[in-house]
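> Provide a 3D model corresponding to the input given below.
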Amino acid sequence: MDFTSAKTERVLRNELLWEDAYGIRMLPEDSVDTVIDIGGNIGLYSLQARFRFPTARIIAFEPSPGVLEIFKKNTAGLDIEVYPIGLGEGKKAYLGESLKILAKSYTTNGTRKDISCDTLTLPDMFEKYKIDPERASLKIDCEGAEKYLVGDKTSENLLTACTHVGIETHFDYSMYRKWLWEIFTSRHLMNISRFGKHLIIAQFFSKKLYSHIYRHWLREKPKYVPKFKQENNT
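Residues are numbered from 1 along each chain as shown. Alright, predicted model coming up:
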């Protein structure tokens with residue numbers, strides 16, 4: 001499998017394979033019909049999703065041309081759709097040259113014009129590519145563009161309509177913690193991981209699925225149950 005750099009390989013293997021930060025391995029195989037990978041990078045998450053959900057539709061978005069080519073090479077022959085689109089306001093955006101090694105966000109204000117790309121809002125992505133949020137798993141890691149979801153009710157409704165959402169936040173947590181709590185952590189939260197300054201939140205909006213996953217957690221990690229119960233009874 002190809003990576004853009006040793007740093008990229010280390011970061012992605014840690015987040016996706018060792019930590020399962022987005023919680024995809026917690027999902028039962030029959031719980032998801034569609035996987036949406038926004039910020040597909042070199043394809044490791046989509047590849048993981050294909051082996052987890054052999055019959056699911058997998059659709060990815062990766063705006064960086066060089067990274068997109070690696071994505072296509074890594075996922076060739078696995079029936080994974082990928083498009084050169086970024087999450088945004090529907091305007092032309094610009095990728096910083098260092099984005100290809102997972103370093104910086106892209107902007108729409110023209111301050112950096114290394115690589116241009118097209119963007120779509122989350123609702124437009126779902127509409128254009130005919131994505132049904134029901135029984136869908138949505139992963140978002142788009143180097144700061146998740147800020148365009150904040151306060152947009154249509155986008156927020158799509159998030160909560162999905163069965164599962166995994167999102168990496170790059171914005172200032174102190175500014176958006178109320179939004180994160182209202183949309184994510186006040187519901188059926190499963191995991192919050194910190195990687196440097198970033199948070200990855202894994203959220204399950206299906207109460208039935210959450211209960212199934214929690215029972216699985218009890219079976220797999222019984223040594224933590226007494227402590228969990230004790231903390232919640234105090």
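
> let me know the secondary structure of D132.
Judged by DSSP: H, G, I helix; E, B strand; the rest coil, the three-state class of D132 is coil.

> list the contacts of it.
Residues near D132 by CB atoms under 8 Å, 6 or more residues apart in numbering: 33-34. From N, CA and C alone the C-beta is placed, and that goes for glycine too.

> output the contacting helices and strands for the helix or strand hosting C117.
C117 is part of strand 115-120 when elements are defined by DSSP states H and E. Counting contacts by 3 or more CB pairs under 8 Å, 6 or more residues apart in numbering; DSSP states H and E, strand 115-120 is packed against strand 85-87, strand 92-95.

> give the rounded mean pLDDT of whichever helix or strand comes after it.
Next along the chain after strand 115-120, taking DSSP H and E as the criterion, comes helix 122-128. Helix 122-128 shows a mean pLDDT of 94.

> coming back round to it: just checking: what are the partner strands of the strand holding C117?
strand 85-87 (parallel), strand 92-95 (antiparallel) (DSSP bridges).

> give me the buried positions along that strand.
115, 117, 119-120 (16 or more other CB atoms under 10 Å).

> how about stretch 60-72?
Neighbour counts using 16+ other CB under 10 Å place 60-64, 67-68, 70-72 of stretch 60-72 among the buried residues.

> correct me, but I59 touches I36?
Yes. Contact criterion CB atoms under 8 Å: I59 and I36 qualify, at 5.6 Å.

> who touches both of those two?
I131.

> more neighbours: the two, which one.
I36 (27 against 22; other CB atoms under 10 Å).

> that's a helix at the more buried one, yeah?
No. Counting by three-state DSSP, I36 is not part of a helix but strand.

> for it, list each beta-bridge partner.
I59, L138.

> show me the shaky parts of this protein.
Applying pLDDT under 70 to the chain flags residues 94-114, 172-175, 185-199, 203-234.

> tell me where it has strands.
Counting by DSSP state E, one finds strands in the chain at the ranges 34-38, 57-61, 80-83, 85-87, 92-95, 115-120, 136-140, 164-169, 189-195, 198-204.

> distance to Q48 added to these, as TSV?
Below are the strands of the chain laid out as TSV (distance: least, CB to CB, whole Å):
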stretch	distance to Q48
strand 34-38	9
strand 57-61	10
strand 80-83	11
strand 85-87	20
strand 92-95	24
strand 115-120	24
strand 136-140	10
strand 164-169	11
strand 189-195	16
strand 198-204	14
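
> wait, which of these is closest to S155?
Among the strands of the chain, the nearest to S155 by CB to CB is strand 85-87 (9.5 Å).

> give me the buried positions along the closest one.
Residues 85-87 are the ones in strand 85-87 that count as buried (16+ other CB under 10 Å).

> nearest to L16, of these?
Closest to L16, out of all of the buried residues of strand 85-87 and judged by CB to CB, is L87, at 18.9 Å.

> just confirm that closest one contacts G39, I think it does.
Yes. At 7.4 Å, L87 counts as touching G39 under the criterion of CB under 8 Å.

> what residues are shared contacts of those two?
61, 140, 142.

> mind listing what the second one touches?
Listed by CB under 8 Å, 6+ apart, the contact set of I140 reads 38-39, 87, 146, 149, 165-168.

> so the closest residue to I200 other than its chain neighbours versus L158, what's the distance?
Nearest non-adjacent residue to I200, counting by CB to CB, 6 or more residues apart in numbering: A21, 4.2 Å away. Counting by CB to CB, to the nearest Å, the gap from A21 to L158 is 21 Å.
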